[in-house]
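S.K.: Have a look; sequence and predicted model below, questions after that.
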Amino acid sequence: MTDYLQRAFVLTLFALTAGCAPMNETQCRTTNWYQQGETDGLIGQQARIDQYTDQCRQFGVQPAEGEYLAGWSDGYWEHYHRASGSKM
């Protein structure tokens, strides 16, 4: 398995095990928001920055929306092209 496929596999497993569970304070404070967005995008989920913002607000944490959306865009682009069979 290539490094890229291994990374995608691990990210997908992480996302599936995380599901829609609420983020705790530690997760809100330490999440790599680009990576979280990329993970959500890779599995074809709609951007969930609003959900994360609501969950983290109780801990006084504001997720990095720009970083999340950049990661989500990259991940969703990859998901879309895999699903469509494009070789771009």
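M.R.: Yep, that arrived. Numbering: from 1, shown residues only.

S.K.: drop to CA atoms for contacts and neighbour counts, all remaining ones
M.R.: OK.

S.K.: so what's residue 74 closest to, chain neighbours aside?
M.R.: Of all residues not flanking residue 74 in the chain, residue 38 sits nearest, at 6.2 Å (CA to CA, 6 or more residues apart in numbering).

S.K.: Mind giving me the packing neighbours of the longest helix anywhere in the chain?
M.R.: In terms of residue count, the longest helix belonging to the chain (DSSP state H) is helix 65-84. Packed against helix 65-84 by the contact rule (3 or more CA pairs under 8 Å, 6 or more residues apart in numbering; DSSP states H and E) you find helix 33-42, helix 49-57.

S.K.: Can you tell me which of the ones you listed is nearest to residue 69?
M.R.: Distance to residue 69, taken as CA to CA, is lowest for helix 33-42 among the helices and strands packed on helix 65-84, at 6.0 Å.

S.K.: average model confidence for that closest one?
M.R.: Averaging pLDDT along helix 33-42 yields 97.

S.K.: do stretch 72-87 as well
M.R.: 85.

S.K.: let's number from 4 now, not from 1
M.R.: Got it, the first residue is 4 from now on, which makes the last one we talked about stretch 75-90.

S.K.: what's it in contact with?
M.R.: Stretch 75-90 is contacted from outside by 37, 39-48, 50, 91, using CA atoms under 8 Å, 6 or more residues apart in numbering.

S.K.: if we can go back for a sec, quick one: the longest helix of the chain to chain centroid distance?
M.R.: Helix 68-87 sits 9 Å away from the centroid of its parent chain (CA atoms, centre = their mean, to the nearest Å).

S.K.: list the buried ones in it?
M.R.: By 16 or more other CA atoms under 10 Å, the buried positions in helix 68-87 come out as 68, 70-82.

S.K.: now those residues as CSV including distance to residue 58?
M.R.: Shown next, in CSV, are the buried residues of helix 68-87 (distance: CA to CA, whole Å):
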residue, distance to residue 58
68, 14
70, 17
71, 15
72, 17
73, 20
74, 19
75, 18
76, 22
77, 24
78, 22
79, 23
80, 26
81, 27
82, 26
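
S.K.: related to what we said a few turns ago, ok, the residue nearest to residue 77 - contacts?
M.R.: Residue 41 neighbours (CA under 8 Å, 6+ apart): 71, 73-79.
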